[in-house]
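**Student:** requesting a structural model of the entry that follows:
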Amino acid sequence: MKKTLATLFLLTCLGSSSAYADNALILQTDFSLKDGAVSAMKGVAFGVDHNLKIFDLTHEIPPYNIWEGAYRLYRRRQTASYWPQGSVFVSVVDPGVGTDRKSVVLKTKNGQYFVSPDNGTLTLVAESLGIESVRQIDEKTNRLKGSEKSYTFHGRDVYAYTGARLASGAITFEQVGPELPAKVVELSYQKAKATKGEVKGNIPILDIQYGNVWSNISDELLNQAGIKLNDTLCVTISEGFPAKIRRENAVCRKLRRCAGRPADGVSEQLIECFRGAEYG
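**Tutor:** Residues are numbered from 1 along each chain as shown. I've put the predicted structure just below:
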């Protein structure tokens, strides 16, 4: 009799909503922490399940900068790739809030979920992790009750709410809403490429904390081009930097693929490891 009671108690615990709250909810926005917007999102999420595990990716994306949102969400070998299967990311960089842009959840081939406006934010996620499925959020069922007349805070009312419901197990992925074609809006950008003795790429973003300039040229591409440590290269920068850099076009410099290579395998040091802070 005692064994039966113990078994029933264990099953009851496993059936509670808190048992599902093992999937992390990770938030990214362009809201900053200057006011209560992020706090409101977390409050909504905890209202869904107070046992949720909520983490911040960043809230310092420049306002409406979709590209930076896409990059921070999935920088090569950083951020999403270190989170386990089932993790739910909510990204809100949404200059089109209140328009007819779609609100979606993308499931990647490795079993992670990304909740976001379909405005280009998911470009690098789709490209790097692959799309398993995309669903449009059905706001009739997956929207914070009482928020129907709120037109400009979908980050709280739709995305945080839906992300929390998904992470907590309150809904399945199939209950998010209708399935869409397995594609999302993608931003166009210059992809890095290698030919014999030459690599081309761009500077997609700056290392805002330390002032480094990050390129999208990987070690693999440098190797493909036959470029070795301490090779001398002609570095041409065509646009996007102050005149001090542009005047140094095509000047031969040492390519110092420094001993302290970047942790994510993307070359930060294409122009003598110069620090962007010195030129900006």
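**Student:** right, and Asn216 touches Val199 too?
**Tutor:** No - counting by C-beta atoms under 8 Å, Asn216 stays clear of Val199, with 10.2 Å between them. C-betas here are computed from N, CA, C, even on glycine.
**Student:** who touches both of these two?
**Tutor:** Each of Ala192 lies in contact with both Asn216 and Val199 under the rule C-beta atoms under 8 Å, 6 or more residues apart in numbering.
**Student:** bridging residues for the closest residue to Glu174 other than its chain neighbours?
**Tutor:** Nearest residue to Glu174 in three dimensions, chain neighbours excluded: Arg135, at 7.6 Å (C-beta to C-beta, 6 or more residues apart in numbering). Beta bridges link Arg135 to Val105, Glu179 when assigned by DSSP bridges.
**Student:** count the neighbours of Arg135 for me.
**Tutor:** Around Arg135 sit 21 other residues, with neighbours defined as other C-beta atoms under 10 Å.
**Student:** contacting residues for it?
**Tutor:** By C-beta under 8 Å, 6+ apart, the residues touching Arg135 are 104-105, 107, 173-174, 176-180.
**Student:** which among the residues you listed end up buried?
**Tutor:** Buried members of those, scored by 16 or more other C-beta atoms under 10 Å, are 104-105, 107, 173, 176-177, 180.
**Student:** can I get those residues in JSON lines with pLDDT?
**Tutor:** Listed next are those as JSON lines, based on pLDDT from 0 to 100:
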{"residue": "Val104", "pLDDT": "98"}
{"residue": "Val105", "pLDDT": "99"}
{"residue": "Lys107", "pLDDT": "99"}
{"residue": "Phe173", "pLDDT": "98"}
{"residue": "Val176", "pLDDT": "98"}
{"residue": "Gly177", "pLDDT": "98"}
{"residue": "Leu180", "pLDDT": "99"}
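**Student:** from those, which single one is nearest Leu206?
**Tutor:** Nearest to Leu206 out of the buried ones among the contacts of Arg135 is Val104 (C-beta to C-beta; 28.6 Å).
**Student:** now do the strands in this protein.
**Tutor:** Along the chain, the segments classed as strands by DSSP state E run 25-29, 54-58, 88-92, 103-108, 113-117, 131-136, 179-180, 193-195, 198-200, 205-206, 213-214, 232-235, 251-254.
**Student:** need the ones you listed in CSV (columns: distance to Ala160).
**Tutor:** As requested, these are arranged in CSV below (distance: least, C-beta to C-beta, whole Å):
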stretch, distance to Ala160
strand 25-29, 7
strand 54-58, 9
strand 88-92, 6
strand 103-108, 12
strand 113-117, 8
strand 131-136, 17
strand 179-180, 21
strand 193-195, 39
strand 198-200, 40
strand 205-206, 25
strand 213-214, 29
strand 232-235, 44
strand 251-254, 47
